[in-house]
Structure formats: structure tokens, C-alpha cells
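Novice: Got a sequence here, can you model it:
(2 chains)
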Amino acid sequence: MSAPQPTLSPLTQPYWEALHAGQLTFQKCEECDQAWLPAREACPNCLSIHWERVPAAGTAKVVSWVVYHTAYADHLAARIPYNVAVVELDEGPRMLTSIVGCRSDALLVDARIQLKITAEDGIPLPYFVLSEVNEEVVE
Amino acid sequence: MRGQTVIAGVGNTRYGKHPDRDKIDLIVAAARTALADAGLSKDMVDGVFVKIANAAPSVLYGQKVSEALGLQPKIGCALDQGGAANISLITYAALAIQAGMIDIALVCYGDTARTGSRAVYHRPRGDDAVMGWYSTAAGYAMIHQAYRQRYGTPDEHFGIVAVTARRHGANNPDAHLRVPLSMGQYLQGSYVVEPLRRDDCCLVSDGGAAIILMSNKRARQLGRSRAVPIIGLGQAQESWEVHLRPDLLHTKAADSAETAFRMAGIRREDVSFAQLYDCFTVTVLQTLEDYGLAPRGTAGARALSEGIGVDGWLPLNTAGGLLSESGTPGLQLIIEAVRQMRGEARLQVSSPRFGLVSNQGGSMHTHATLILGQPQ
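Specialist: Residues are numbered from 1 along each chain as shown, chains lettered A, B, ... in the order given. Take a look at the predicted model:
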């Protein structure tokens, strides 16, 4: 199994283009203010099709995480052990990501994290790193 | 609905490995046993309800199964609701029976995920696969992590679920994995997707299972005195992917249980045993708490201190569950509950009044609940 590629459609392409340009974006409903990921044609709260794509500040907190010790595809063998985390952007949307640049046992629920877009096989992935604020708390 | 539909027969194949056999042939083998158990000829069945297979799902599956059974049922269908599907199919079959649309229903499942394809359990999960988000186990690992972080749960609280299931399965000659597990062995198990250890994860099994449903009135007419009445049914869907849920530790299992207990008209403490969908150990703790059988964050401590064997606080998964009897999705739990209510289980609970079964699927996306009463 080779590395998966994101689905590119008129709806999803702006998300990936923004990441190429260094920005994580999400959709925000113009009718009810709901903010969401991943891309959908209609607001999952009120079903309005009137929304805008807005940039995220890139700050978020950890909700939960797992550490893969099994490579479920060949291209992941070199990555294990790696973490995948559920995070909540300060603007509200939740997403899956990986928190890089730290040991997985340094992760904590509610730990503050910062966006760090990282290209892998030419795909700009919205990874995160632990914010410095966490280290100050520990010290 | 309460008590109006009965489970009149049950049957299953041995669970484990059935190399070179077709999953539909496993269904036919289980159906033959269930029909014999109910004392029926197959031509009396006019409803065939089947959960789609995890290994190599296909279209028109309800018809392929009916063809192999040599039946042209009035209702023949397949459902995809992940692991909640078997109780949900029982619900729809019971509704069709009570509506007078069909007379006798077969609810069945067969799979060859062990010796055939287990790709579904390892699957890349949508566009998030670019992050390395793969497998069924990872969704439950996410819930397990959230659980242990919120409640400060020691590993033994998860381990007791696996250790007890394996003890029960060791007594079951049809079980896939009959090797007992000690707590020490559990704790030494290697991580699959951390924090899930090897023995937190259910088996991947081949096997077939089937049950026969009819109205209570029909069972009396046929003189089927061992028929076990269905007194409560419920469903509820979580639907949001695990990372999009506002709270990973409150699932719609609560609503599913509430609907079933309300129909049954019984209290939580009236339940004599529970067969809970133990695809992963955390699922059992989470289900006990969502169902209102234990306060939040406490199910594992109580399981460890008071036991969940046949003489324990609440006898759980008395034939071994998905962790030991069979990793097939849930019909075996219903069959064991029927055997308990008939007084025919291998590890029999003393004089059960009411039996509870949970089914759930996805990463706790789908939920269905069944409550059984005593044979009349």
C-alpha cells in the first residue's frame, strides 16, 4: 500500500492550497457562525451553503492521542512509533494531526500546541508542536 | 412490543479459523443448527436479515444468503451499522413480525476475516490517512487514552475485562482463543496502538451465527416452551467521527440503553448478567457507564474489586465475548444471552431474571441494546 493522497476537489483544493501557502483554514457559516473541519458543501449545524473559508490562528489544545507501534501500511514502517492526536483549534473545529518534535510521553490533555506545517512527500501536512508555554508551566 | 417477540432458536459454528470456506456457507451451517434448535423446517422462514460481512462485503448480500438457504423470503435484506447491526436487525425483524408482514425471521452472520481479508480493520481512514490515521484499533485507542487521562485509571481496570473474558472463553469449546490470560501477562503485552495492548483488542475470527425469531403467540402455538422473550430494544447513533465529538467519553449508548430499559420497564439493578460488546476493553467500561450500570470512571475499579465472573458484581461476557469466544461482530453475545436465560449456558448464572446485551460499532458510532426475559 502506497502513501495516501488527499482527495482533491473544488471543495477541498482551497484547504490544501492554503496549507501550501503556510496557512491552516476552516469553514465558518455566515448564518449561524458554526466553524468546522473537514470541508463540506453545507454547514453541518444549520445546512446553510453560505460560508467563508477563514484562516486559523494556528493555536490549539490536545484532546487525546495515540501512538502507533504497528505499521498498517508499508510507508508507515519508517515512522513508527508515531502519534496521531485529536486537537481542538482555538476557533472551535477539531481535527486529527500529529504532534511532532517531542516524545509522545510528553503529551498531556489540554496541552497548548502550535501549528507547524510540514511537507511529507510534497504534501503540506498541518502538524503541531508543543507550545513553549507548556515548558514554562513545567519549569 | 414488550415480550411479544421471542428468540426460538440459536445456532453457531465453531469460531476461529475456517480456511477455504465461504462466509455464506458458515451462515448456512449456523442457520441449520438454529432451525434444528427451534424445531422448524427452513421453508417456514419468510424473513432473512443479515449483517454485511467485514471480509469482502458485496451488494445484494441478503439475496445471496437467501439463495444459499434455498429461500425466497418476503423480506430479505442486509444492514450496515457496524457492530450494532445484529441487534438492530433483530429490531426490524421483530417490528415486521409484529406488523404481520412476516411470520418467522432468521437473523444471521458469517465471516472469514481471520483466514480471508482483514483489510477493513487496518483501513486508511479517509483523508486523515495522510496523518497516518489507520485501523479500527486507533479509534478505540483514542477513547482509551481519553478515559485513562480523565479518570486516572490504572491499567488493571482495563485488564480485568480481558482476563475475565479469557477465563470464560477457556470453558467454551467453540471459542476461538481458549488460552487463559493472567493480569501479569496482560500488563506485559506489547502495544498495538498505544495505549491499547495486544490483549485489549478483540480477536479477528471466522465463524457463523444465527437466531430464529417469531411472535410469542406463534411460539405457544408451536409449543416452543424454551423460547426467550425480547422485552427491550433500543438504538442510538453517535455518527460523528471520534475526533469530531464534543466529548469522547459520553456516547449515545446512553440513549440506546434508556430506550431499551424503558420498553422493558425494569431498573438497571434488575439485570442478572450482561453480554457487552467487548471489541476493546475500554468499550466495556464505557458501555457500563453510558448504560448507567456504574458511575463515570468507576466501572473498572468495581470490576476488579467485586469481579465480573458468574458470581461477581455483574456477570459479563460469560462465553468469552469478542476477546475470547469470537471476534465476529456481536451475534454470539445474543446467543449466549439466550442460553443463559434458558439455563443452558456452560458457565450458568444462577436463575437469571433479565439479560442485557449491548452491540456497538464504528468507534462507538452506533449503538443497539437488547433485553431478554425468562422463557414462559
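Novice: can you count the residues close to residue 94?
Specialist: Let's take chain A. Per other Cβ atoms under 10 Å in any protein chain shown, the neighbour tally for A:Arg94 reads 19. In short, each C-beta sits where N, CA and C put it, glycine included.
Novice: um, chain B though
Specialist: Residues near B:Ala94, counting by other Cβ under 10 Å, number 23.
Novice: Over to the one 5 residues further on?
Specialist: B:Ala99 sits with 8 neighbouring residues when counted by other Cβ under 10 Å.
Novice: what does chain A have sitting close to chain B?
Specialist: Residues of chain A lying close to chain B (Cβ under 8 Å from any Cβ of the partner chain) are A:1, A:3-7, A:12, A:38, A:63-70, A:72-73, A:76, A:79, A:81-82, A:84, A:86, A:94-98, A:104, A:108-109, A:120, A:123, A:125.
Novice: try 7 Å this time
Specialist: Contacts of chain A with chain B, taken as Cβ under 7 Å from any Cβ of the partner chain, map to A:4, A:6-7, A:38, A:64-70, A:72-73, A:76, A:79, A:82, A:84, A:86, A:94-98, A:109, A:123, A:125.
Novice: ok, of these, which come out buried?
Specialist: Buried residues within those, counting neighbours by 16 or more other Cβ atoms under 10 Å in any protein chain shown: A:4, A:6, A:38, A:64-68, A:70, A:72-73, A:76, A:82, A:84, A:86, A:94-98, A:125.
Novice: quick one, what contacts B:Val10?
Specialist: Applying Cβ atoms under 7 Å, 6 or more residues apart in numbering or on different chains, one finds that B:Val10 lies in contact with B:34, B:37, B:211, B:335, B:338.
Novice: Would you tell me what the next helix or strand after the helix or strand it falls within is?
Specialist: Per DSSP states H and E: B:Val10 is located in strand B:5-12. Going down the chain from strand B:5-12, the next helix or strand is helix B:23-38, by DSSP H and E.
Novice: could you dump that following helix to PDB, C-alpha only?
Specialist: Taking C-alpha atoms only, helix B:23-38 is exported to PDB below (Å, rounded to 0.1, in the frame of the first residue of the first chain):
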ATOM      1  CA  LYS B  23     -18.700 -17.000   4.700                       C
ATOM      2  CA  ILE B  24     -22.100 -17.700   3.300                       C
ATOM      3  CA  ASP B  25     -21.600 -21.500   3.900                       C
ATOM      4  CA  LEU B  26     -20.800 -20.600   7.500                       C
ATOM      5  CA  ILE B  27     -24.100 -18.800   7.700                       C
ATOM      6  CA  VAL B  28     -25.900 -21.800   6.300                       C
ATOM      7  CA  ALA B  29     -24.200 -24.100   8.800                       C
ATOM      8  CA  ALA B  30     -25.300 -21.900  11.700                       C
ATOM      9  CA  ALA B  31     -28.800 -21.500  10.300                       C
ATOM     10  CA  ARG B  32     -29.200 -25.300  10.000                       C
ATOM     11  CA  THR B  33     -28.300 -25.600  13.700                       C
ATOM     12  CA  ALA B  34     -30.600 -22.700  14.700                       C
ATOM     13  CA  LEU B  35     -33.500 -24.200  12.800                       C
ATOM     14  CA  ALA B  36     -33.000 -27.600  14.400                       C
ATOM     15  CA  ASP B  37     -32.800 -25.900  17.800                       C
ATOM     16  CA  ALA B  38     -36.100 -24.200  17.100                       C
END
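Novice: Report all helices and strands that that helix contacts.
Specialist: The contact analysis (3 or more Cβ pairs under 7 Å, 6 or more residues apart in numbering or on different chains; DSSP states H and E) places helix B:23-38 against strand B:5-12, helix B:61-68, strand B:104-112, strand B:206-215.
Novice: Dump these to TSV, plus distance to B:Tyr147 and mean pLDDT.
Specialist: Shown next, in TSV, are the helices and strands packed on helix B:23-38 (distance: least, Cβ to Cβ, whole Å; pLDDT from 0 to 100):
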stretch	distance to B:Tyr147	mean pLDDT
strand B:5-12	31	98
helix B:61-68	35	97
strand B:104-112	28	97
strand B:206-215	29	98
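Novice: Nearest to B:Arg346 among these would be which one?
Specialist: strand B:5-12 (13.0 Å; Cβ to Cβ).
Novice: partner strands of the closest one, parallel or antiparallel?
Specialist: Next to strand B:5-12 in the sheet, as set by DSSP bridges, lie strand B:206-215 (antiparallel), strand B:228-237 (antiparallel).
Novice: hey, which of the ones you listed is tucked in deepest?
Specialist: strand B:206-215 (a mean of 28; mean count of other Cβ atoms under 10 Å in any protein chain shown).
Novice: Which stretches in the stretch 51-200 of chain B count as strands?
Specialist: Here the stretch 51-200 of chain B has its strands, by DSSP state E, counting those that start in this stretch, at B:75-79, B:104-112, B:191-194, B:196-197.
Novice: Can you add distance to B:Ser363 and mean neighbour count and give the ones you listed back as TSV?
Specialist: Shown next, in TSV, are the strands of the stretch 51-200 of chain B (distance: least, Cβ to Cβ, whole Å; neighbours: other Cβ atoms under 10 Å in any protein chain shown):
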stretch	distance to B:Ser363	mean neighbour count
strand B:75-79	19	19
strand B:104-112	19	28
strand B:191-194	12	22
strand B:196-197	12	25
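Novice: With respect to chain A, which of these lies nearest?
Specialist: strand B:191-194 (3.9 Å; Cβ to the nearest Cβ).
Novice: who touches the closest one?
Specialist: Contacting residues not belonging to strand B:191-194 are listed as A:66-70, B:135, B:137-138, B:141, B:197-198, B:201 [Cβ under 7 Å, 6+ apart].
Novice: residue ranges with poor pLDDT in chain A?
Specialist: Within chain A, the set of residues satisfying pLDDT under 70 comprises A:1, A:134-139.
Novice: now the strands: where do they sit in it?
Specialist: Using DSSP state E, the strands of chain A run over A:25-29, A:35-36, A:51-55, A:59-68, A:82-89, A:94-97, A:112-120, A:123-130.
Novice: got these as CSV, with distance to B:His365 columns?
Specialist: Below are the strands of chain A laid out as CSV (distance: least, Cβ to Cβ, whole Å):
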stretch, distance to B:His365
strand A:25-29, 23
strand A:35-36, 18
strand A:51-55, 25
strand A:59-68, 16
strand A:82-89, 15
strand A:94-97, 16
strand A:112-120, 26
strand A:123-130, 24
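Novice: Quick one: residues contacting residue 87.
Specialist: Since you didn't name a chain, this refers to chain A. Contacts for A:Val87 (Cβ under 7 Å, 6+ apart) come out as A:60-63, A:94-95, A:97, A:113, A:128.
Novice: other chain: chain B
Specialist: B:Ile87 is in contact with B:357, B:359, B:368-370, counting by Cβ under 7 Å, 6+ apart.
Novice: again, only this time at 8 Å
Specialist: Listed by Cβ atoms under 8 Å, 6 or more residues apart in numbering or on different chains, the contact partners of B:Ile87 are B:233, B:235, B:330, B:334, B:357, B:359, B:368-370.
Novice: what's the closest of those residues to B:Gln72?
Specialist: Of all these, B:Ile334 has the smallest distance to B:Gln72: 26.0 Å, by Cβ to Cβ.
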